[in-house]
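Colleague: Can you look at this prediction? I've put the sequence above it.
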Amino acid sequence: MVNHATGQLFFPNIKPGRFLPPEAHLPQLQRALLDWFAAHKRPLPWRASYTPYEVWISEIMLQQTRMGRGVEYFKRWMKRFPDMRSLASASEEEVLRLWEGLGYYSRARHILSAARLVMKEHKGIFPSDPAQMRALPGIGPYTAGAVASIAFGEKLPCIDANVERVISRIFDIDTPVKQEPAASKIRELALALVPEGKAREHNQAMMELGALVCGKKPRCERCPAAMFCVSRNMGIAGKRPVPGKKAAITPVVMATGVLRHNGRIFLQQRLTGGVWGNLWEFPGGRVENNEHPAGAAVREFMEETGFAVTPVRKYGIIRHGYTTYRIAMHCFELRLSELPCPQDSFPRPVRLTSASSWRWADPEAIAALPMPAPHRRLADTVFRMNRALR
Ligand code: SF4
């Protein structure tokens, strides 16, 4: 525990025996972590050569992403963009399509802008100076620390949620980890723990320990840090880290329409900015108070495109969560209320209020366009139902 009056650690109620107070035994704790990592590290693809480009991409991809999924996306990415040059010359549309499903699309846009900047200002070579890294779009203190230490061996800590959990348990941080004074204490301890010349292995050992052993339910019997861990020795590992305030969840009810005409589907490209900026979608929006979802889909279509449409059937409700929002998207098939003349032509929208462009797309074209996850699921549902009806 931290004595907040003195800033010192103290260990009440510790049974004597196999407990070594961590701050007094940092070299032994570091050694135990390094040995454990050497024996237990997973063979992840970016660990083959630790190039700055691969470490950077993996670190951004793994934020808010499960490891299995991250590895799958990483392999696909490296196949298409094996280096900075191939990435920098790609279109934003292609980069977003490859990123589709990982969410938080600003990360993909930042990666592309950063790659172009590295080509322009650093001759295509990823900078090794953390300050120069942080001048690149999308690179904050965590990513700069991770790339600088893992790719270049700089003595810097990487503090992600896994590392916060491990440190809060080993050193028994008894206040919420994201807030002060715990956040500063964790930064200080994380830096003190990095051994000279071993930043790459140590930082990965800490993250790996949090992922494989010291997870939500700690498996202390398998832990290389057990004899140094204050929480474990006090029998309170399950009570650390101390949770902070949970953000309130906001439910959102939306209605979306799939307008079909002559074998094609109407899509619009969202305006730049926002979480789904520049992605392609089916028009729609929020269902207002007391409004029927089908009526909302018709109204939204009229407001956003000027098309008068009629509901044909309901596909279902697609549920999707991001950050603190929980979306229930009611999805409808629509047709034009009046057929254009000649009937086989594809009418232009009267206006676009939420989009920068539009198209009548066939299934092949839709497959190549980047879409937000719930809209991709809707597209897949439409094609699946179509095949079933044939
Ligand atoms: S001993 Fe238990 S609580 Fe402590 S670091 Fe290891 S797994 Fe986590």
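Modeller: Received the coordinates, thanks.

Colleague: What residues does the residue of the stretch 51-200 of the chain found nearest the ligand make contact with?
Modeller: Going by CB to the nearest ligand atom, the ligand is nearest to R169 of the stretch 51-200 of the chain, at 3.8 Å. C-beta coordinates here come from the backbone N, C-alpha and C atoms, glycine included. By CB atoms under 8 Å, 6 or more residues apart in numbering, R169 lies in contact with C214, P218, C229, V230, S231, R232, A237, R240, P241.

Colleague: Tell me which residues of stretch 84-103 come out buried.
Modeller: 84, 87-88, 90, 92, 95-103 (16 or more other CB atoms under 10 Å).

Colleague: contacting residues for V71?
Modeller: Contacts of V71 by CB under 8 Å, 6+ apart are L44, P45.

Colleague: how about a cut-off of 6 Å?
Modeller: With contact set as CB atoms under 6 Å, 6 or more residues apart in numbering, V71 has no partners.

Colleague: Provide the secondary structure category for it.
Modeller: helix (DSSP: H, G, I helix; E, B strand; the rest coil).

Colleague: Now do stretch 290-299: everything it contacts.
Modeller: A255, G257, V287, V309, P311, H330, F332.

Colleague: can you do 7 Å?
Modeller: A255, T256, G257, G284, V287, E288, V309, P311, H330, F332, L334 (CB atoms under 7 Å, 6 or more residues apart in numbering).

Colleague: buried sites along it?
Modeller: Those buried within stretch 290-299 under the rule 16+ other CB under 10 Å are P293, A294, A296, A297, V298, R299.

Colleague: cool, and stretch 111-130?
Modeller: I111, L112, A114, A115, R116, V118, M119, F126, P127, P130.

Colleague: avg pLDDT for it?
Modeller: Average pLDDT, stretch 111-130: 97.

Colleague: Pull up the distance across that stretch, start to finish.
Modeller: 16 Å (CA to CA, to the nearest Å).

Colleague: what's the longest strand in this structure?
Modeller: strand 309-322 (DSSP state E).

Colleague: Return the distance of that one from the chain's centre.
Modeller: 25 Å (CA atoms, centre = their mean, to the nearest Å).

Colleague: ok and the very next helix or strand once past it relative to strand 309-322, angle-wise?
Modeller: Sequence-wise, the next helix or strand downstream of strand 309-322 (DSSP states H and E) is strand 325-336. Per axes from the mean of the first three to the mean of the last three CA atoms, to 10 degrees, the angle that strand 325-336 makes with strand 309-322 is 160 degrees.

Colleague: sorry, back to before: buried ones from the contacts of stretch 290-299, can you make that a ChimeraX selection?
Modeller: The ChimeraX command for the buried members of the contacts of stretch 290-299 (criterion: 16+ other CB under 10 Å) is given here:
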select :255,256,257,284,287,309,311,330,332,334
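
Colleague: that older thread, now intersect the buried residues of stretch 111-130 with the strands, please.
Modeller: Per DSSP E, these never map to strands.

Colleague: State the pair within these that is farthest apart.
Modeller: The largest separation in the buried residues of stretch 111-130, counting by CB to CB, is between L112 and P130 at 21.5 Å.

Colleague: now stretch 328-336: mean pLDDT?
Modeller: On average, stretch 328-336 scores 97.

Colleague: Start from the N-terminal end of the stretch 51-200 of the chain and give the helices.
Modeller: 52-62, 67-80, 84-88, 92-99, 106-121, 130-134, 141-152, 161-170, 182-193, 199-212 (DSSP state H, counting those that start in this stretch).

Colleague: what packs against the first one?
Modeller: Counting contacts by 3 or more CB pairs under 7 Å, 6 or more residues apart in numbering; DSSP states H and E, helix 52-62 is packed against helix 67-80, helix 141-152.

Colleague: Return that helix as PDB; C-alpha atoms alone will do.
Modeller: Extracted as PDB, the C-alpha positions of helix 52-62 are listed here (Å, rounded to 0.1, in the frame of the first residue of the first chain):
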ATOM      1  CA  PRO A  52       9.700  -0.400 -36.300                       C
ATOM      2  CA  TYR A  53       7.100  -0.500 -39.000                       C
ATOM      3  CA  GLU A  54       5.700  -3.900 -37.800                       C
ATOM      4  CA  VAL A  55       5.900  -2.900 -34.100                       C
ATOM      5  CA  TRP A  56       4.100   0.300 -34.800                       C
ATOM      6  CA  ILE A  57       1.300  -1.300 -36.800                       C
ATOM      7  CA  SER A  58       0.800  -4.100 -34.300                       C
ATOM      8  CA  GLU A  59       0.600  -1.600 -31.400                       C
ATOM      9  CA  ILE A  60      -2.000   0.500 -33.000                       C
ATOM     10  CA  MET A  61      -4.000  -2.600 -34.200                       C
ATOM     11  CA  LEU A  62      -4.000  -4.200 -30.800                       C
END
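
Colleague: Just the angle for that helix relative to helix 67-80, thanks.
Modeller: Going by the same axes, to 10 degrees, helix 52-62 makes 140 degrees with helix 67-80.

Colleague: quick one: average confidence on helix 52-62?
Modeller: Mean predicted lDDT for helix 52-62 stands at 97.

Colleague: With secondary structure and distance to the ligand added, can I get the contacts of R169 in CSV?
Modeller: Below are the contacts of R169 laid out as CSV (DSSP: H, G, I helix; E, B strand; the rest coil; distance: CB to the nearest ligand atom, whole Å):
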residue, secondary structure, distance to the ligand
C214, strand, 3
P218, strand, 4
C229, coil, 3
V230, helix, 8
S231, helix, 5
R232, helix, 4
A237, helix, 4
R240, coil, 7
P241, coil, 10
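
Colleague: Now, of those residues, which are buried?
Modeller: Of those, these count as buried by 16+ other CB under 10 Å: C214, P218, C229, V230, S231, R232, A237, R240, P241.
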